[in-house]
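> build me a model from this:
(one chain, ligands or ions: 1)
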Amino acid sequence: MAAGEMCVRGGLYYSWRELMRRVFSVDVLQCPDCHEPMRILAAIHPPETTRAILEHLGLPSRGPPIAAARAEEDSSSNEPNPEYAGALES
Ligand SMILES: [Zn+2]
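Presented below is the predicted three-dimensional model:
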């Protein structure tokens, strides 16, 4: 196994730190300024607590609004594209 990998009940498990390193190529537990190791002081789970802290700090406390995948158009837009008519029929 490579560094950062653990075997749990027969499966391969990556720590949060290792996943972040693999995806974003960044060590989330290393200070970006002085490069010293950092440690997690607390994990805050209740959403109302998280919201209160973010609002106190003047940071966005809500996620972006969820938008429709595409704007609603007239009902004819639900018709299949003629080029693909019958493509799924065998
Ligand atoms: Zn630092």
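> got the end-to-end distance for stretch 28-36?
End-to-end span of stretch 28-36 (CA to CA, to the nearest Å): 11 Å.
> tell me the mean pLDDT for it?
Per-residue pLDDT over stretch 28-36 has a mean of 95.
> what are the contacting residues of it?
16-17, 20-21, 37-40 (CB atoms under 8 Å, 6 or more residues apart in numbering). Using the backbone N, CA and C atoms, a C-beta is placed for each residue, glycine as well.
> torsion angles phi and psi at the closest residue to Arg22 other than its chain neighbours?
The shortest distance from Arg22 to any non-neighbouring residue, by CB to CB, 6 or more residues apart in numbering, is to Tyr14 (7.1 Å). When read as degrees, to the nearest 10, the backbone of Tyr14 gives phi -110, psi 140.
> returning to that earlier point: filter the contacts of stretch 28-36 down to the ones in helices?
Mapping those onto helices (DSSP state H) picks out 16-17, 20-21.
> for the protein, what helix or strand is lowest in average pLDDT?
strand 5-8 (a mean of 65; mean pLDDT, DSSP states H and E).
> can you give me the strands in this protein?
Here the chain has its strands, by DSSP state E, at 5-8, 11-14.
> what about His56, distance to Gly63?
18 Å (CB to CB, to the nearest Å).
> quick one, which of those two is more surrounded?
His56 (9 against 6; other CB atoms under 10 Å).
> in stretch 19-34, what's buried?
Neighbour counts using 16 or more other CB atoms under 10 Å place Arg21 of stretch 19-34 among the buried residues.
> ends of it, how far apart?
Start-to-end span of stretch 19-34 (CA to CA) is 22 Å.
> what about that stretch, near the ion?
Yes. Interface with the ion: stretch 19-34 contributes 31, 33-34 (CB under 5 Å from the ion).
> let me have those residues in a markdown table, adding distance to Thr49 as columns.
Shown next, in a markdown table, are the residues of stretch 19-34 next to the ion (distance: CB to CB, whole Å):
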| residue | distance to Thr49 |
| --- | --- |
| Cys31 | 25 |
| Asp33 | 28 |
| Cys34 | 29 |
